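Asks: Build the 3D model from these lines:
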Amino acid sequence: MRFFIFFLLSFSSFSQTSRDNDSWWSDNYNSVTTMGINGNYDSRFGNDSEDKIQKGVAVEMTTLHGIFLFDYLSLSAGLGIDWNSNRTFWSMPILGDLRIYFHEHGFDNSPFVFLQMGKNVKIGDVFVEGRPVKIGAGITLGEDENLQYVLEIFKKFKEAVFVGETGYYEVTSFGASFGIKF
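Replies: A predicted model of the protein is given here:
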């Protein structure tokens with residue numbers, strides 16, 4: 001687990017050195033690393049049509065790397081780590097991310113909207129498969145083109161099929177995250 005967090009942080013630091021070169025890639029490269037907390041509203045649906053509302057929290061850390069297209073649209077891919085407290089399971093989401101910034105390349109305290117979709121890779125033998133989807137809005141803060149702060153609010157949907165159980169476990173959450181953008 002410590003190795004994964006170290007890998008996540010060191011991989012995002014690569015983006016800082018890649019912006020030092022003067023080329024198309026360095027001008028259009030985008031890296032966002034965030035850490036967030038979600039308030040969960042969990043539902044359990046099975047063949048018996050059970051429905052249980054439970055509360056819990058989830059903590060996530062995500063790093064995304066991609067490029068800007070048309071100066072306002074960012075397409076990225078990335079991965080993260082996600083922990084759900086209620087059922088106490090870990091997952092590693094592999095994500096695709098689409099962001100639309102209202103200022104060129106997200107500079108000058110730019111508001112943005114985003115959509116993330118992906119697939120959860122299981123950590124341990126808790127679930128068989130899963131998918132996360134996150135939609136939200138945020139703002140970049142900072143005057144420097146090489147480092148900016150990111151604030152996000154979002155709604156997230158997660159789904160998992162647990163080992164040895166019928167039906168699926170669905171989590172809807174609202175959350176906020178804070179991060180850095182290179």
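
Asks: Which parts of this protein are helices?
Replies: With helices called from DSSP state H, the chain shows them at 2-18, 24-28.

Asks: These: lowest mean pLDDT?
Replies: Per-stretch mean pLDDT for the helices of the chain is lowest at helix 2-18 (a mean of 47).

Asks: Dead centre of the chain: give me the residue that sits there.
Replies: Of all residues in the chain, the one closest to the mean position by C-alpha atoms, centre = their mean is residue 62, 4.6 Å from it.

Asks: if I look at it, how far off is residue 161?
Replies: 22 Å (C-beta to C-beta, to the nearest Å). In short, each C-beta sits where N, CA and C put it, glycine included.

Asks: Please apply the same query to residue 175.
Replies: Residue 175 is 23 Å from residue 161, where distance means C-beta to C-beta.

Asks: The two: which is more packed in?
Replies: Taking other C-beta atoms under 10 Å, residue 175 and residue 161 do not tie; residue 175 has more neighbours (20 against 14).

Asks: That one reaches residue 35, doesn't it?
Replies: No. Counting by C-beta atoms under 8 Å, residue 175 does not reach residue 35; the two are 10.7 Å apart.

Asks: tell me the contacts of the closest residue to residue 109 other than its chain neighbours?
Replies: The shortest distance from residue 109 to any non-neighbouring residue, by C-beta to C-beta, 6 or more residues apart in numbering, is to residue 141 (5.7 Å). Applying C-beta atoms under 8 Å, 6 or more residues apart in numbering, we find residue 141 in contact with 109, 148-151.

Asks: and which of the residues you listed is nearest residue 99?
Replies: Residue 99 has its nearest neighbour among the contacts of residue 141 in residue 150, at 10.0 Å by C-beta to C-beta.
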